[in-house]
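Visitor: What follows is a predicted protein model with its sequence.
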Amino acid sequence: MKRVDDFRLRFGKQELVPIVIGGMGVDISTADLALEAARLGGIGHISDAMVKTVADRRFNTKFVKEKLKLYKYNVENPDKSAVQFDLGQLAEATRLHVGKTMEAKRGPGMIFVNCMEKLTMNAPRETLRVRLATALDAGVDGITLAAGLHLGSFALIEDHPRFRDAKLGIIVSSLRALQLFLRKSARTNRLPDFVVVEGPLAGGHLGFGMDWAQYDLATIVAEIHAWLVAEKLDIPLIPAGGIFTGSDAVSFLENGAAAVQVATRFTVARECGLPEKVQQEYFKASEDKIVVNQISPTGYPMRMLTSSPAIGSGIRPNCEAYGYLLDANGSCAYVQAYNREVAAHPGARRVSVMDKTCLCTHMRNFDCWTCGHYTYRLKDTSRKLEDGNYEILSAEHIFKDYQFSTDNKIALPD
Ligand SMILES: Cc1cc2nc3c(=O)[nH]c(=O)nc-3n(C[C@H](O)[C@H](O)[C@H](O)COP(=O)(O)O)c2cc1C
(Lines give C-alpha, C1' and ligand atoms only; values in the text may rest on other atoms or scores of the structure.)
Protein backbone atom coordinates (compact mmCIF):
# COMPACT_ATOMS: atom_id res chain seq x y z
CA MET A 1 0.00 0.00 0.00
CA LYS A 2 1.51 3.30 -1.09
CA ARG A 3 1.62 6.53 0.82
CA VAL A 4 2.03 10.12 -0.31
CA ASP A 5 5.69 10.07 0.70
CA ASP A 6 6.38 7.50 -2.05
CA PHE A 7 5.76 10.28 -4.60
CA ARG A 8 7.55 13.53 -5.38
CA LEU A 9 6.51 16.71 -7.17
CA ARG A 10 9.25 17.66 -9.62
CA PHE A 11 9.92 21.20 -10.76
CA GLY A 12 12.99 20.85 -12.95
CA LYS A 13 15.70 19.52 -10.66
CA GLN A 14 13.83 20.38 -7.47
CA GLU A 15 11.87 17.64 -5.71
CA LEU A 16 9.13 18.39 -3.21
CA VAL A 17 6.79 16.45 -0.99
CA PRO A 18 3.66 16.51 -3.17
CA ILE A 19 1.48 18.32 -0.64
CA VAL A 20 0.35 21.88 -1.31
CA ILE A 21 -1.53 23.80 1.37
CA GLY A 22 -3.99 25.91 -0.61
CA GLY A 23 -4.33 29.65 -0.28
CA MET A 24 -7.03 30.68 2.19
CA GLY A 25 -7.83 34.37 2.02
CA VAL A 26 -7.90 36.85 4.23
CA ASP A 27 -5.00 35.51 6.25
CA ILE A 28 -6.52 32.13 7.09
CA SER A 29 -3.50 30.55 5.39
CA THR A 30 -1.08 32.66 7.40
CA ALA A 31 2.63 33.11 6.82
CA ASP A 32 3.20 30.74 9.76
CA LEU A 33 1.14 28.02 8.09
CA ALA A 34 2.89 28.48 4.75
CA LEU A 35 6.28 28.48 6.46
CA GLU A 36 5.50 25.12 8.08
CA ALA A 37 4.60 23.59 4.71
CA ALA A 38 7.87 24.85 3.25
CA ARG A 39 9.89 23.64 6.24
CA LEU A 40 8.39 20.17 5.83
CA GLY A 41 9.32 20.06 2.14
CA GLY A 42 5.95 20.84 0.56
CA ILE A 43 4.40 24.03 -0.76
CA GLY A 44 2.57 26.58 1.37
CA HIS A 45 0.48 29.52 0.22
CA ILE A 46 -0.04 32.93 1.61
CA SER A 47 -2.80 35.01 0.05
CA ASP A 48 -2.66 38.61 -1.05
CA ALA A 49 -6.39 39.13 -0.39
CA MET A 50 -6.90 42.39 1.52
CA VAL A 51 -3.15 42.70 1.77
CA LYS A 52 -3.28 46.13 3.42
CA THR A 53 -5.35 44.75 6.27
CA VAL A 54 -3.01 41.78 6.61
CA ALA A 55 0.06 44.04 6.57
CA ASP A 56 -1.49 46.27 9.27
CA ARG A 57 -2.10 43.21 11.42
CA ARG A 58 1.36 41.76 10.90
CA PHE A 59 3.50 44.88 10.83
CA ASN A 60 1.54 47.58 12.62
CA THR A 61 1.28 49.70 9.50
CA LYS A 62 -1.73 52.00 9.07
CA PHE A 63 -2.71 51.41 5.46
CA VAL A 64 -6.43 50.86 6.16
CA LYS A 65 -6.74 53.84 8.47
CA GLU A 66 -5.04 56.09 5.92
CA LYS A 67 -7.34 54.96 3.10
CA LEU A 68 -10.41 55.48 5.28
CA LYS A 69 -9.19 58.94 6.24
CA LEU A 70 -8.77 59.87 2.59
CA TYR A 71 -12.30 58.75 1.64
CA LYS A 72 -14.16 59.42 4.87
CA TYR A 73 -16.23 62.08 3.12
CA ASN A 74 -17.77 59.31 1.00
CA VAL A 75 -18.89 56.90 3.75
CA GLU A 76 -22.57 57.90 3.56
CA ASN A 77 -22.56 58.02 -0.22
CA PRO A 78 -24.23 55.01 -1.88
CA ASP A 79 -21.94 55.53 -4.89
CA LYS A 80 -18.47 54.10 -4.22
CA SER A 81 -16.89 54.75 -7.59
CA ALA A 82 -14.58 57.47 -6.23
CA VAL A 83 -12.81 55.02 -3.89
CA GLN A 84 -9.48 54.01 -5.39
CA PHE A 85 -6.41 52.13 -4.22
CA ASP A 86 -3.13 53.97 -4.01
CA LEU A 87 -0.89 51.71 -6.10
CA GLY A 88 2.25 52.73 -4.22
CA GLN A 89 0.72 51.71 -0.91
CA LEU A 90 -0.64 48.50 -2.41
CA ALA A 91 2.88 47.66 -3.56
CA GLU A 92 4.33 48.54 -0.18
CA ALA A 93 1.85 46.30 1.68
CA THR A 94 2.51 43.43 -0.74
CA ARG A 95 6.26 43.87 -0.42
CA LEU A 96 6.00 43.67 3.36
CA HIS A 97 3.65 40.68 3.50
CA VAL A 98 5.42 38.61 0.85
CA GLY A 99 8.97 39.81 1.50
CA LYS A 100 8.94 39.21 5.26
CA THR A 101 7.45 35.76 4.71
CA MET A 102 10.16 34.82 2.23
CA GLU A 103 12.87 36.11 4.57
CA ALA A 104 11.58 33.76 7.26
CA LYS A 105 11.47 30.71 4.98
CA ARG A 106 13.48 27.68 6.10
CA GLY A 107 13.72 24.22 4.65
CA PRO A 108 13.47 22.65 1.21
CA GLY A 109 9.90 23.57 0.29
CA MET A 110 8.37 26.55 -1.47
CA ILE A 111 6.01 29.43 -0.72
CA PHE A 112 3.53 30.68 -3.29
CA VAL A 113 1.08 33.54 -3.18
CA ASN A 114 -2.58 32.98 -4.03
CA CYS A 115 -3.76 35.85 -6.20
CA MET A 116 -7.48 36.14 -6.90
CA GLU A 117 -8.55 37.97 -10.05
CA LYS A 118 -11.99 38.61 -8.55
CA LEU A 119 -10.43 41.18 -6.24
CA THR A 120 -11.05 43.83 -8.86
CA MET A 121 -10.32 46.79 -6.56
CA ASN A 122 -11.97 49.44 -8.75
CA ALA A 123 -9.10 49.17 -11.26
CA PRO A 124 -8.71 45.48 -12.14
CA ARG A 125 -5.73 45.54 -14.48
CA GLU A 126 -3.63 48.13 -12.70
CA THR A 127 -4.06 46.64 -9.24
CA LEU A 128 -3.50 43.07 -10.44
CA ARG A 129 -0.31 44.10 -12.23
CA VAL A 130 1.02 45.69 -9.05
CA ARG A 131 0.06 42.69 -6.91
CA LEU A 132 1.71 40.17 -9.27
CA ALA A 133 4.83 42.21 -10.04
CA THR A 134 5.44 43.14 -6.40
CA ALA A 135 5.08 39.54 -5.22
CA LEU A 136 7.76 38.60 -7.76
CA ASP A 137 9.94 41.54 -6.66
CA ALA A 138 9.58 40.36 -3.07
CA GLY A 139 11.06 36.98 -3.96
CA VAL A 140 8.03 34.69 -3.81
CA ASP A 141 8.75 31.21 -5.18
CA GLY A 142 5.57 31.12 -7.23
CA ILE A 143 2.12 32.53 -7.86
CA THR A 144 -1.16 30.66 -8.08
CA LEU A 145 -3.67 32.56 -10.19
CA ALA A 146 -7.06 31.99 -8.56
CA ALA A 147 -10.73 33.01 -8.64
CA GLY A 148 -11.00 34.09 -12.24
CA LEU A 149 -10.03 33.06 -15.77
CA HIS A 150 -6.84 35.21 -15.72
CA LEU A 151 -6.84 35.47 -19.50
CA GLY A 152 -4.58 38.53 -19.43
CA SER A 153 -2.57 37.89 -16.25
CA PHE A 154 0.58 36.43 -17.83
CA ALA A 155 0.72 39.36 -20.24
CA LEU A 156 0.59 41.79 -17.30
CA ILE A 157 3.95 40.54 -16.02
CA GLU A 158 5.68 39.25 -19.16
CA ASP A 159 8.30 42.00 -18.90
CA HIS A 160 9.14 41.16 -15.29
CA PRO A 161 12.70 39.78 -14.93
CA ARG A 162 11.33 36.81 -12.95
CA PHE A 163 8.51 35.98 -15.39
CA ARG A 164 10.29 32.85 -16.62
CA ASP A 165 11.96 31.74 -13.41
CA ALA A 166 9.15 31.97 -10.81
CA LYS A 167 6.68 29.09 -10.75
CA LEU A 168 3.42 30.37 -12.19
CA GLY A 169 0.24 28.33 -12.17
CA ILE A 170 -3.51 28.64 -12.40
CA ILE A 171 -6.55 27.13 -10.73
CA VAL A 172 -9.19 25.77 -13.11
CA SER A 173 -12.33 23.73 -12.62
CA SER A 174 -12.75 22.49 -16.19
CA LEU A 175 -10.76 21.54 -19.27
CA ARG A 176 -12.47 24.39 -21.10
CA ALA A 177 -11.14 27.00 -18.68
CA LEU A 178 -7.62 25.60 -19.04
CA GLN A 179 -7.83 25.58 -22.85
CA LEU A 180 -9.03 29.18 -22.82
CA PHE A 181 -6.21 30.26 -20.52
CA LEU A 182 -3.57 28.51 -22.65
CA ARG A 183 -4.95 30.00 -25.86
CA LYS A 184 -5.06 33.54 -24.47
CA SER A 185 -1.60 33.24 -22.86
CA ALA A 186 0.07 31.61 -25.87
CA ARG A 187 1.43 34.94 -27.07
CA THR A 188 3.65 35.18 -23.96
CA ASN A 189 5.34 31.96 -25.03
CA ARG A 190 5.16 30.51 -21.58
CA LEU A 191 3.20 27.55 -20.25
CA PRO A 192 2.03 27.44 -16.64
CA ASP A 193 4.39 25.46 -14.40
CA PHE A 194 1.44 23.76 -12.72
CA VAL A 195 -2.32 23.58 -12.93
CA VAL A 196 -4.48 23.18 -9.84
CA VAL A 197 -7.70 21.39 -10.76
CA GLU A 198 -10.25 22.39 -8.15
CA GLY A 199 -13.38 20.27 -7.84
CA PRO A 200 -16.79 21.07 -6.37
CA LEU A 201 -16.04 19.99 -2.78
CA ALA A 202 -13.43 22.72 -2.13
CA GLY A 203 -13.68 25.59 0.33
CA GLY A 204 -13.86 29.24 -0.65
CA HIS A 205 -15.41 30.22 -3.99
CA LEU A 206 -16.35 27.49 -6.43
CA GLY A 207 -15.64 27.52 -10.15
CA PHE A 208 -19.03 25.87 -10.73
CA GLY A 209 -22.64 27.00 -10.74
CA MET A 210 -25.22 25.95 -8.20
CA ASP A 211 -25.25 22.59 -10.02
CA TRP A 212 -21.81 21.91 -8.47
CA ALA A 213 -22.98 18.56 -7.03
CA GLN A 214 -23.19 17.10 -10.53
CA TYR A 215 -19.42 17.38 -11.00
CA ASP A 216 -16.69 15.11 -9.75
CA LEU A 217 -13.03 16.02 -9.23
CA ALA A 218 -11.55 12.68 -10.37
CA THR A 219 -13.50 12.85 -13.64
CA ILE A 220 -12.34 16.42 -14.38
CA VAL A 221 -8.72 15.56 -13.54
CA ALA A 222 -8.83 12.48 -15.80
CA GLU A 223 -10.24 14.55 -18.65
CA ILE A 224 -7.59 17.26 -18.32
CA HIS A 225 -4.83 14.67 -17.92
CA ALA A 226 -5.89 12.83 -21.09
CA TRP A 227 -6.00 16.08 -23.05
CA LEU A 228 -2.53 17.16 -21.85
CA VAL A 229 -1.09 13.76 -22.83
CA ALA A 230 -2.74 13.97 -26.25
CA GLU A 231 -1.35 17.49 -26.76
CA LYS A 232 2.07 16.39 -25.46
CA LEU A 233 1.96 19.11 -22.81
CA ASP A 234 3.93 18.21 -19.72
CA ILE A 235 2.30 20.34 -17.01
CA PRO A 236 2.02 19.02 -13.44
CA LEU A 237 -1.61 18.61 -12.37
CA ILE A 238 -2.58 19.30 -8.78
CA PRO A 239 -6.13 18.19 -7.83
CA ALA A 240 -7.88 19.98 -4.98
CA GLY A 241 -11.20 19.76 -3.17
CA GLY A 242 -12.28 17.03 -0.79
CA ILE A 243 -8.93 15.21 -0.56
CA PHE A 244 -9.28 14.44 3.11
CA THR A 245 -6.85 11.59 3.84
CA GLY A 246 -3.41 10.52 2.66
CA SER A 247 -5.09 7.60 0.90
CA ASP A 248 -7.41 9.96 -1.00
CA ALA A 249 -4.25 11.78 -2.10
CA VAL A 250 -2.48 8.55 -3.12
CA SER A 251 -5.35 7.59 -5.40
CA PHE A 252 -4.92 10.88 -7.30
CA LEU A 253 -1.12 10.53 -7.37
CA GLU A 254 -1.46 7.03 -8.82
CA ASN A 255 -3.69 8.40 -11.55
CA GLY A 256 -1.41 11.02 -12.99
CA ALA A 257 -1.53 13.87 -10.47
CA ALA A 258 1.82 15.46 -9.60
CA ALA A 259 0.72 16.64 -6.14
CA VAL A 260 -2.47 17.43 -4.24
CA GLN A 261 -3.71 20.72 -2.85
CA VAL A 262 -5.49 20.57 0.50
CA ALA A 263 -6.91 23.17 2.84
CA THR A 264 -9.85 22.17 5.04
CA ARG A 265 -7.78 19.84 7.25
CA PHE A 266 -5.49 22.80 8.02
CA THR A 267 -8.30 25.14 9.12
CA VAL A 268 -7.95 23.58 12.58
CA ALA A 269 -4.17 23.98 12.75
CA ARG A 270 -2.65 26.18 15.42
CA GLU A 271 -0.78 28.12 12.72
CA CYS A 272 -3.99 28.84 10.80
CA GLY A 273 -5.37 32.38 11.07
CA LEU A 274 -8.89 31.48 12.21
CA PRO A 275 -9.51 32.40 15.86
CA GLU A 276 -9.77 29.32 18.07
CA LYS A 277 -13.46 29.97 18.77
CA VAL A 278 -14.15 29.74 15.04
CA GLN A 279 -11.98 26.65 14.72
CA GLN A 280 -14.23 24.95 17.29
CA GLU A 281 -17.22 25.80 15.07
CA TYR A 282 -15.46 24.03 12.22
CA PHE A 283 -14.73 20.98 14.40
CA LYS A 284 -18.31 20.74 15.63
CA ALA A 285 -20.06 21.33 12.31
CA SER A 286 -22.42 18.63 11.12
CA GLU A 287 -22.99 17.91 7.44
CA ASP A 288 -26.34 19.71 7.33
CA LYS A 289 -24.68 22.92 8.60
CA ILE A 290 -22.49 23.28 5.51
CA VAL A 291 -24.06 25.08 2.55
CA VAL A 292 -23.15 26.44 -0.85
CA ASN A 293 -24.86 29.79 -1.32
CA GLN A 294 -24.66 32.86 -3.52
CA ILE A 295 -24.11 35.61 -0.97
CA SER A 296 -20.61 36.40 -2.22
CA PRO A 297 -20.70 39.60 -4.28
CA THR A 298 -18.17 38.04 -6.66
CA GLY A 299 -20.94 36.07 -8.38
CA TYR A 300 -19.27 32.75 -7.59
CA PRO A 301 -21.03 30.27 -5.29
CA MET A 302 -19.26 29.90 -1.97
CA ARG A 303 -19.33 27.13 0.65
CA MET A 304 -19.67 28.11 4.30
CA LEU A 305 -21.10 27.16 7.67
CA THR A 306 -24.76 28.16 8.05
CA SER A 307 -23.86 29.72 11.40
CA SER A 308 -21.55 32.30 9.76
CA PRO A 309 -22.34 35.74 11.21
CA ALA A 310 -21.91 37.12 7.67
CA ILE A 311 -25.20 35.55 6.53
CA GLY A 312 -28.03 38.09 6.66
CA SER A 313 -25.85 40.81 8.16
CA GLY A 314 -26.83 44.23 6.84
CA ILE A 315 -23.82 46.28 7.85
CA ARG A 316 -22.94 49.47 6.04
CA PRO A 317 -20.45 48.78 3.21
CA ASN A 318 -16.85 49.54 4.19
CA CYS A 319 -15.49 50.33 0.75
CA GLU A 320 -13.74 53.47 1.98
CA ALA A 321 -11.53 51.32 4.22
CA TYR A 322 -11.47 48.15 2.07
CA GLY A 323 -13.20 48.14 -1.34
CA TYR A 324 -11.49 45.03 -2.72
CA LEU A 325 -14.59 43.84 -4.58
CA LEU A 326 -15.43 47.08 -6.35
CA ASP A 327 -15.51 46.28 -10.06
CA ALA A 328 -14.07 48.37 -12.88
CA ASN A 329 -17.02 50.77 -12.50
CA GLY A 330 -16.68 51.09 -8.74
CA SER A 331 -19.71 48.90 -8.09
CA CYS A 332 -20.22 45.88 -5.83
CA ALA A 333 -23.28 43.60 -5.64
CA TYR A 334 -23.39 44.03 -1.85
CA VAL A 335 -23.43 47.81 -2.10
CA GLN A 336 -26.41 47.53 -4.47
CA ALA A 337 -28.23 45.04 -2.22
CA TYR A 338 -27.59 47.19 0.85
CA ASN A 339 -28.79 50.38 -0.87
CA ARG A 340 -31.94 48.54 -1.97
CA GLU A 341 -32.74 47.44 1.59
CA VAL A 342 -32.04 50.89 3.01
CA ALA A 343 -34.40 52.44 0.43
CA ALA A 344 -37.06 49.83 1.25
CA HIS A 345 -36.88 50.51 5.01
CA PRO A 346 -36.70 54.28 5.42
CA GLY A 347 -35.75 55.33 8.95
CA ALA A 348 -34.75 51.81 10.05
CA ARG A 349 -31.67 51.79 12.29
CA ARG A 350 -30.59 48.43 10.94
CA VAL A 351 -31.39 46.43 7.84
CA SER A 352 -30.83 42.80 7.04
CA VAL A 353 -29.40 41.84 3.66
CA MET A 354 -30.00 38.19 2.83
CA ASP A 355 -28.94 37.85 -0.81
CA LYS A 356 -25.40 39.30 -0.59
CA THR A 357 -22.80 39.92 2.08
CA CYS A 358 -20.12 42.52 2.69
CA LEU A 359 -17.37 39.98 2.05
CA CYS A 360 -14.48 42.37 2.72
CA THR A 361 -15.64 43.23 6.22
CA HIS A 362 -16.74 39.73 7.15
CA MET A 363 -13.64 37.98 5.84
CA ARG A 364 -11.51 40.58 7.58
CA ASN A 365 -13.29 39.86 10.87
CA PHE A 366 -13.31 36.05 10.37
CA ASP A 367 -17.12 36.18 10.31
CA CYS A 368 -17.63 34.43 6.99
CA TRP A 369 -16.84 30.82 7.84
CA THR A 370 -16.02 29.44 4.44
CA CYS A 371 -15.01 25.79 4.47
CA GLY A 372 -14.68 22.64 2.40
CA HIS A 373 -17.46 20.06 2.03
CA TYR A 374 -15.78 17.60 4.41
CA THR A 375 -15.51 20.05 7.29
CA TYR A 376 -17.97 17.81 9.14
CA ARG A 377 -15.25 15.15 9.26
CA LEU A 378 -12.75 17.36 11.10
CA LYS A 379 -14.04 16.02 14.42
CA ASP A 380 -12.55 12.65 13.40
CA THR A 381 -9.09 14.22 13.12
CA SER A 382 -8.66 15.29 16.74
CA ARG A 383 -9.56 14.44 20.32
CA LYS A 384 -12.54 15.80 22.17
CA LEU A 385 -11.53 17.43 25.43
CA GLU A 386 -13.46 17.32 28.69
CA ASP A 387 -14.94 20.78 28.12
CA GLY A 388 -16.50 19.58 24.86
CA ASN A 389 -13.99 21.40 22.67
CA TYR A 390 -11.54 19.69 20.35
CA GLU A 391 -7.77 19.76 20.58
CA ILE A 392 -6.25 22.20 18.10
CA LEU A 393 -3.66 20.42 15.96
CA SER A 394 -0.23 21.44 14.76
CA ALA A 395 0.25 21.99 11.05
CA GLU A 396 3.14 19.53 11.20
CA HIS A 397 0.87 16.83 12.59
CA ILE A 398 -1.68 17.31 9.79
CA PHE A 399 0.99 17.57 7.09
CA LYS A 400 2.72 14.38 8.24
CA ASP A 401 -0.59 12.57 8.51
CA TYR A 402 -1.20 13.29 4.83
CA GLN A 403 2.39 12.36 4.03
CA PHE A 404 2.63 9.02 5.81
CA SER A 405 -0.85 7.63 6.42
CA THR A 406 -2.18 4.50 4.71
CA ASP A 407 -5.51 2.65 4.63
CA ASN A 408 -7.54 5.85 4.91
CA LYS A 409 -6.38 6.19 8.49
CA ILE A 410 -6.18 9.57 10.20
CA ALA A 411 -3.63 9.91 13.01
CA LEU A 412 -4.94 11.51 16.19
CA PRO A 413 -2.66 13.85 18.16
CA ASP A 414 -0.53 12.19 20.85
C1 LIG B 1 -11.26 28.51 4.70
C2 LIG B 1 -10.91 28.41 3.25
C3 LIG B 1 -10.59 29.56 2.54
C4 LIG B 1 -10.22 29.48 1.19
N5 LIG B 1 -9.86 30.61 0.53
C6 LIG B 1 -9.38 30.53 -0.73
C7 LIG B 1 -8.85 31.67 -1.39
O8 LIG B 1 -8.80 32.77 -0.82
N9 LIG B 1 -8.39 31.53 -2.65
C10 LIG B 1 -8.42 30.32 -3.30
O11 LIG B 1 -7.98 30.24 -4.45
N12 LIG B 1 -8.90 29.21 -2.70
C13 LIG B 1 -9.36 29.29 -1.44
N14 LIG B 1 -9.79 28.15 -0.80
C15 LIG B 1 -9.67 26.86 -1.51
C16 LIG B 1 -8.40 26.10 -1.09
O17 LIG B 1 -7.24 26.80 -1.42
C18 LIG B 1 -8.29 24.68 -1.66
O19 LIG B 1 -8.06 24.67 -3.06
C20 LIG B 1 -9.48 23.78 -1.40
O21 LIG B 1 -10.22 24.15 -0.29
C22 LIG B 1 -8.98 22.35 -1.22
O23 LIG B 1 -10.01 21.51 -0.83
P24 LIG B 1 -10.17 21.00 0.68
O25 LIG B 1 -10.46 22.20 1.48
O26 LIG B 1 -11.32 20.03 0.62
O27 LIG B 1 -8.88 20.33 1.10
C28 LIG B 1 -10.18 28.22 0.55
C29 LIG B 1 -10.51 27.07 1.27
C30 LIG B 1 -10.86 27.15 2.61
C31 LIG B 1 -11.19 25.88 3.36
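Guide: Nice, thanks for sending it over. Numbers count the residues shown, from 1 in each chain.
Visitor: For the ligand, what's the nearest residue on the stretch 101-250 of the chain?
Guide: residue 203 (2.4 Å; Cβ to the nearest ligand atom). Every residue, glycine included, has its C-beta placed from N, CA and C.
Visitor: Read off the pLDDT value for that residue.
Guide: With respect to pLDDT, residue 203 scores 98.
Visitor: ok, longest helix in the protein?
Guide: Secondary structure of the chain read by DSSP state H shows that its longest helix is helix 87-103.
Visitor: Name the residues of the chain found near the ligand, please.
Guide: 22-25, 28, 47, 49, 114, 116, 146-147, 171, 198, 201-204, 240-243, 261-264, 267, 370-372, 374 (Cβ under 6 Å from any ligand atom).
Visitor: all strands for the chain, in order.
Guide: Along the chain, the segments classed as strands by DSSP state E run 9-11, 14-16, 19-21, 43-47, 110-116, 142-146, 167-172, 194-198, 204-205, 237-240, 260-262, 290-293, 302-305.
Visitor: Pipe those into JSON lines and attach mean neighbour count per row.
Guide: Shown next, in JSON lines, are these (neighbours: other Cβ atoms under 10 Å):
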{"stretch": "strand 9-11", "mean neighbour count": "17"}
{"stretch": "strand 14-16", "mean neighbour count": "15"}
{"stretch": "strand 19-21", "mean neighbour count": "29"}
{"stretch": "strand 43-47", "mean neighbour count": "29"}
{"stretch": "strand 110-116", "mean neighbour count": "25"}
{"stretch": "strand 142-146", "mean neighbour count": "25"}
{"stretch": "strand 167-172", "mean neighbour count": "24"}
{"stretch": "strand 194-198", "mean neighbour count": "26"}
{"stretch": "strand 204-205", "mean neighbour count": "25"}
{"stretch": "strand 237-240", "mean neighbour count": "26"}
{"stretch": "strand 260-262", "mean neighbour count": "27"}
{"stretch": "strand 290-293", "mean neighbour count": "17"}
{"stretch": "strand 302-305", "mean neighbour count": "23"}
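Visitor: CSV for the ones you listed, including distance to residue 357?
Guide: Listed next are the strands of the chain as CSV, based on distance: least, Cβ to Cβ, whole Å:
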stretch, distance to residue 357
strand 9-11, 36
strand 14-16, 37
strand 19-21, 26
strand 43-47, 19
strand 110-116, 16
strand 142-146, 20
strand 167-172, 22
strand 194-198, 22
strand 204-205, 13
strand 237-240, 24
strand 260-262, 26
strand 290-293, 9
strand 302-305, 9
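Visitor: what's the pLDDT at the closest residue to the ligand within the stretch 301-414 of the chain?
Guide: Taking Cβ to the nearest ligand atom, the ligand has its nearest neighbour within the stretch 301-414 of the chain at residue 372, 3.1 Å off. Looking at residue 372, its pLDDT stands at 98.
Visitor: With residue 414 instead?
Guide: pLDDT, residue 414: 86.
Visitor: re earlier: how close does the residue of the stretch 301-414 of the chain closest to the ligand get to residue 51?
Guide: Between residue 372 and residue 51 the distance is 24 Å, computed by Cβ to Cβ, to the nearest Å.
Visitor: of those two, who's got more company?
Guide: Ranked by neighbour count (other Cβ atoms under 10 Å), residue 372 and residue 51 place residue 51 first, with 31 against 26.
Visitor: sorry, back to before: which of the strands of the chain sits closest to residue 82?
Guide: strand 110-116 (23.6 Å; Cβ to Cβ).
Visitor: between that closest one and strand 194-198, how many degrees?
Guide: 60 degrees (axes from the mean of the first three to the mean of the last three Cα atoms, to 10 degrees).
Visitor: for the record, mean pLDDT for strand 110-116?
Guide: For strand 110-116, mean pLDDT rounds to 98.
Visitor: I'd say residue 53 and residue 64 touch.
Guide: Yes - counting by Cβ atoms under 8 Å, residue 53 does reach residue 64; the two are 5.6 Å apart.
Visitor: any chance you could map the helices in the stretch 301-414 of the chain?
Guide: Assigned by DSSP state H, counting those that start in this stretch, the helices in the stretch 301-414 of the chain fall at 333-344, 359-364, 395-404.
Visitor: contact partners of the first one?
Guide: This means helix 333-344. Applying Cβ atoms under 8 Å, 6 or more residues apart in numbering, the external contacts of helix 333-344 come out as 78, 80, 297, 299, 314, 316-317, 319, 325, 348, 351-353, 355-359.
Visitor: Filter the residues you listed down to the buried ones and hand me the ChimeraX line.
Guide: If you want just the buried ones from the contacts of helix 333-344 in ChimeraX, going by 16 or more other Cβ atoms under 10 Å, the selection is:
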select :80,297,314,317,319,325,351,353,356,357,358,359
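Visitor: And for the residue in the stretch 1-150 of the chain positioned nearest to the ligand, the neighbour number?
Guide: Closest to the ligand within the stretch 1-150 of the chain is residue 22: 2.3 Å, counting by Cβ to the nearest ligand atom. Neighbours of residue 22 under the rule other Cβ under 10 Å: 30.
Visitor: Please verify my assumption that residue 389 contacts residue 280.
Guide: Yes - counting by Cβ under 8 Å, residue 280 is a contact partner of residue 389 at 5.3 Å.
Visitor: What is the burial count for the nearest residue to residue 227 once chain neighbours are set aside?
Guide: Nearest residue to residue 227, sequence neighbours excluded (Cβ to Cβ, 6 or more residues apart in numbering): residue 175, at 5.7 Å. Look at residue 175: counted by other Cβ under 10 Å, it has 17 neighbours.
Visitor: Residue 199 - nearest residue in space that isn't next to it in sequence?
Guide: In space, residue 199 is closest to residue 217, 2.8 Å off (Cβ to Cβ, 6+ apart).
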